[in-house]
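What follows is a protein structure lacking sequence information:
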């Protein structure tokens, strides 16, 4: 199956062949995480957790159900979500007095509690996060990790005394995102969404947008400034030093399992998945190549190498199953293990091992004495190469155009006066979405692609997932 | 608040004062895990995960929703659960074609997939587990961790070629449980439940029963032999070596957040929670005792001690907040931190530290040179003392009686002929539940407490949660 020609089929097939998840569960869009996939996802969660713990966020765990009354408190928010929530109307054999819904995101679950937790300025900032599943009744075609109805989800929620402190939090969130993007090898653009496409209830949204090999953009997450929009609805106030009661300013930061979809789509090739070493459950697989008369010695040697690498903190395993080495090679290639270590009678005789890098299929022979140092160096260089490769792809995927008729697959950069009407015109003519403008800001030399007035900045337009 | 006199109030109060969870969430019986409590619970999960990984179980993660049709396949199972499930009937603004339910346990979610995953004897044994939330619409009064509607839950599910292999799995599960019980310091009885009280759909159930300070028994988990009851309903078959198609034999093992309730109830005292060192997020808290003129040196010294302990793998922290030391002492006592390390000007001068053990409030002064060795030894001895103390309580709580009129709080051991009618009579006369008989079996010298015929074994009866 060729990635270039039949991307959708290729994507489904490599996920299935790598045994990352099973989508035959009897509810469409709700998939089963099988052990290998769950190990990858929870490794990714681990990096998120480490970043959030480092920045003094407390991990919480809220109920999945929200009462209808709490859900309805913020008008914009409910408008954005009500068409896609699952409703619990009965328990046991009886109807419920109050309908409950499965969280589509946790603002409406958390904020009634924030109302209780925050009393004074000494309670601020309040920085919390959780890693849970959220639920959205998608009506469009589902696609593994990218458009599902049960979504593995990270969300942080913070409360601050002032708008400025909330702004600082947005910056911290973006620094965390930079670090995670490098770890997962999924480069992204910090896109300030146009007002008409911001998160329901937000003052503004910085989207975490990446580019898929299909030339379509994918939003893997979002960082949102809420100002006091929600704190007014949920009455979350604090008493400041002078005794005055003020509404808090809030931010959120969300990331979904789409990130794993991104890893697979961006790095995979026709042989299967390619995992960045940092998130690979197995970083190097040792395959003994048995030969008549020396099977036992070769297996023992492979196990020695394994102990040596494990002892140095490399995640390795020996594949000692009774099947042909060739079948093992293919299986671990499909699963995206970054390094293969072959160990047969030649290697045993010469005191060497043969290393094969999954992403480049480059092969080399190194002496056993250098093994751990070489493996560690290679894992680092593979991690970097995957990041660089994907960053180049993203940069190449952004093209500046001067006429909307030239819009093509990928991300199209155009001059924009900043007016909403011109933004909509960009979307109508190109049949694409305006992702927004760069969060860090940029000058654009030239005119608005629609009205011809001087451009204030550049807008970015692309087809999206 | 006295634990002995007002257990229920005491229990709620120590949980609240330790900030383990917040039960003010607007759905009764669905509580919010706050950071300290979630850290304890996920540490406990970590030990479960390590045991299951060690015994070659793969961690999976299934959707929370189950279609009504799958749920209804095993007749006994649905009968046991249908009165307590939450039903999703609508999505967005429309009714669903097929009603969905929130899993009360995951048999009916997993087994349609096991049907697809198992083809031949080479696929067996299939050993999987997950750590998730399950949902039960409890109509009795809710109680934190003990009777809740959203339950943090571990469940393993295994499939085997034969009944005997499933029996071996039951034994492995019980060995795992022995190890976990020691880690959590919650001793238990392996109770083979009477037939009329086994898990819905099981061939037999071994309950994990502990004794609460109220004299009531609590089932913290269950280990179940399903035989082919579910595999017949879900058509889970394998082809054996001779080409014959056979139904698999299944087992499950479940544990809930009740275990944490047990830790709190069994070990806590009038000062608050007492955590076993293995599950304590902070094992030793260092409290500097500042004195005028030497605040900075004392704080620097406390931080040195912290680095020293952290470097040796002890989970420590320095409480450097600007509040009185006494307030800190009380707070960490409420939170159940096993060891307090006081460091003031005397200690600095003498090159010592003062250690206070939370469970005994024993105080001693040791030289700084011995600190890490002493702390490690103390944590080990505290862990053992808590286990021994609770084991003694459990043993003392079991009394053999010869007349049902003598049944009292605690666990009552009586002679039993094994007939169901006599079992029900025990329950009726004592107004207690028959927990069952010892899984390991035992002889009972004497007669059935009801019918007077020779007793086959002993039955255990108690009030239960």
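Perfect, I can see it now. It should be emphasised that the depicted structure is a prediction, and the values quoted were computed from it without experimental measurement.

tally of neighbours for the residue nearest to residue A:216 when sequence neighbours are not counted?
The shortest distance from residue A:216 to any non-neighbouring residue, by CB to CB, 6 or more residues apart in numbering or on different chains, is to residue A:463 (4.5 Å). All C-beta spots, glycine's among them, are computed from the backbone N, C-alpha and C. Neighbours of residue A:463 under the rule other CB atoms under 10 Å in any protein chain shown: 19.

Next up, the contacts around residue A:463.
With contact taken as CB atoms under 8 Å, 6 or more residues apart in numbering or on different chains, residue A:463 is in contact with A:215, A:216, A:217, A:409, A:431, A:432, A:433.

Correct me if wrong: the second one contacts residue A:408.
This means residue A:216. No. Under the criterion of CB atoms under 8 Å, residue A:216 makes no contact with residue A:408, lying 11.6 Å away.

higher neighbour count, these two?
Set side by side, residue A:216 and residue A:408 show more neighbours around residue A:216, with 17 against 13, by other CB under 10 Å.

Give me the phi and psi for the more buried one.
phi -100, psi 140 (degrees, to the nearest 10).

just to revisit the earlier point, I'd like the distance between the residue nearest to residue A:216 and residue A:288.
48 Å (CB to CB, to the nearest Å).

re earlier: what would I type in PyMOL if I wanted to highlight the buried members of the contacts of residue A:463 and nothing else?
Remark: buried members of those, expressed as a PyMOL selection using 16 or more other CB atoms under 10 Å in any protein chain shown:
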select buried, chain A and resi 216+217+432+433
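
you'd agree residue A:247 is up against residue A:237?
Yes. Residue A:247 is within contact range of residue A:237, at 5.7 Å (criterion: CB under 8 Å).

Need the residues touching each of the two.
Contact criterion CB under 8 Å, 6+ apart; residues shared by residue A:247 and residue A:237: residue A:231.

In chain A, what helix or strand scores lowest on average pLDDT?
When each helix and strand of chain A is scored by mean pLDDT, DSSP states H and E, helix A:75-81 comes last, with a mean of 86.

so where is chain A shaky, pLDDT-wise?
Low-confidence segments of chain A, defined by pLDDT under 70: A:1.

follow-up on the earlier one: which of the contacts of residue A:463 sits closest to chain B?
Closest approach between the contacts of residue A:463 and chain B, by CB to the nearest CB: residue A:433, at 22.1 Å.

how about that closest one, phi and psi?
Main-chain dihedrals, residue A:433, degrees, to the nearest 10: phi -100, psi 140.

Report the separation between it and residue A:204.
Using CB to CB, which is the criterion applied here, residue A:433 is 17 Å from residue A:204.

Next: residue A:341.
Computed as CB to CB, the residue A:341 to residue A:204 distance reads 49 Å.

which of these two has more neighbours?
More crowded of residue A:341 and residue A:204, by other CB under 10 Å: residue A:341, with 23 against 18.

need the contact list for the more buried one.
A:284, A:285, A:286, A:287, A:305, A:316, A:353, A:354, A:355, A:375.

do residue A:155 as well
A:105, A:106, A:129, A:130, A:132, A:134, A:252, A:253, A:254.

Which helix or which strand is home to it?
Residue A:155 belongs to strand A:150-160 when assigned by DSSP states H and E.

Quick check: can you name the pairing partners of that strand and their directions?
strand A:126-135 (antiparallel), strand A:249-256 (antiparallel) (DSSP bridges).

Determine which stretch of these is the most buried.
By mean neighbour count, with neighbours taken as mean count of other CB atoms under 10 Å in any protein chain shown, strand A:249-256 ranks first of those at a mean of 25.

roughly how far is that strand from the heart of the chain?
14 Å (CA atoms, centre = their mean, to the nearest Å).

before we move on, what about stretch A:212-231?
Average the C-alpha atoms of stretch A:212-231, do the same for its chain, and the two points are 11 Å apart (CA atoms, centre = their mean).

My read is that residue A:391 contacts residue A:187, right?
Yes. Using CB under 8 Å, residue A:391 is in contact with residue A:187, at 4.5 Å.

Please identify the buried residues of stretch A:189-208?
Buried residues in stretch A:189-208, defined by neighbour count with 16+ other CB under 10 Å: A:189-194, A:197-208.

Identify each buried residue in stretch A:287-304, please.
A:287, A:288, A:289, A:290, A:298, A:301, A:302.

From residue A:356, how far off is the second one?
Read that as residue A:288. 14 Å.

One more: the third one?
Residue A:289 is 12 Å from residue A:356, where distance means CB to CB.

overlap in contacts of those two?
residue A:342.

Quick one: name the residues of the stretch 101-250 of chain A near chain B.
The stretch 101-250 of chain A has residues A:102, A:109, A:112, A:113, A:116, A:117, A:128, A:133, A:137, A:139, A:150, A:152 near chain B, with proximity defined as CB under 8 Å from any CB of the partner chain.

Per the annotation, how does chain A divide into domains?
A:7-267, A:284-377, A:398-462 (automatic domain parsing).

thinking again about what came up before, same list, the contacts of residue A:463, but as a markdown table with secondary structure and distance to residue B:266 please.
Shown next, in a markdown table, are the contacts of residue A:463 (DSSP: H, G, I helix; E, B strand; the rest coil; distance: CB to CB, whole Å):
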| residue | secondary structure | distance to residue B:266 |
| --- | --- | --- |
| A:215 | coil | 61 |
| A:216 | coil | 56 |
| A:217 | strand | 55 |
| A:409 | coil | 63 |
| A:431 | coil | 65 |
| A:432 | coil | 62 |
| A:433 | strand | 57 |
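
Check the contacts of residue A:463 against residue A:51 and report the nearest one.
Closest approach between these and residue A:51, by CB to CB: residue A:217, at 24.0 Å.

Next up, the contacts around the closest one.
Residue A:217 touches A:209, A:210, A:211, A:411, A:433, A:435, A:462, A:463, A:464, A:465, counting by CB under 8 Å, 6+ apart.

Show me the residues you listed that map onto helices.
Among the contacts of residue A:217, no member falls in helices (DSSP state H).

Report the buried members of those.
Buried by 16+ other CB under 10 Å: A:209, A:210, A:211, A:411, A:433, A:435, A:462, A:463, A:465, out of these.

Nearest residue to residue A:118 in space, please, no chain neighbours.
Closest to residue A:118 by CB to CB, 6+ apart is residue A:238, at 5.3 Å.

what helices or strands is the helix or strand containing that neighbour leaning on?
Residue A:238 is part of strand A:237-239 when elements are defined by DSSP H and E. Packing contacts for strand A:237-239, counted by 3 or more CB pairs under 8 Å, 6 or more residues apart in numbering or on different chains; DSSP states H and E, involve strand A:245-247.

buried set for the strand it packs on?
Using 16+ other CB under 10 Å as the test for burial, strand A:245-247 gives residue A:247.

Listing partners with orientation, what would you give for that strand?
strand A:237-239 (antiparallel).

quick one: the helices in chain A?
With DSSP H, the ranges of helices along chain A come out as A:7-17, A:35-54, A:68-71, A:75-81, A:107-117, A:163-184, A:229-234, A:258-267, A:295-311, A:325-334, A:345-350, A:371-396, A:420-430.

Name the stretch among the ones you listed that sits most buried.
helix A:258-267 (a mean of 24).

From the rest of the structure, what touches it?
By CB under 8 Å, 6+ apart, helix A:258-267 touches A:7, A:11, A:14-15, A:20, A:37, A:40-41, A:44, A:143-146, A:184-186, A:210, A:212-213, A:218-221, A:273-276, A:279, A:336, A:359, A:386, A:389-390, A:393, A:465.
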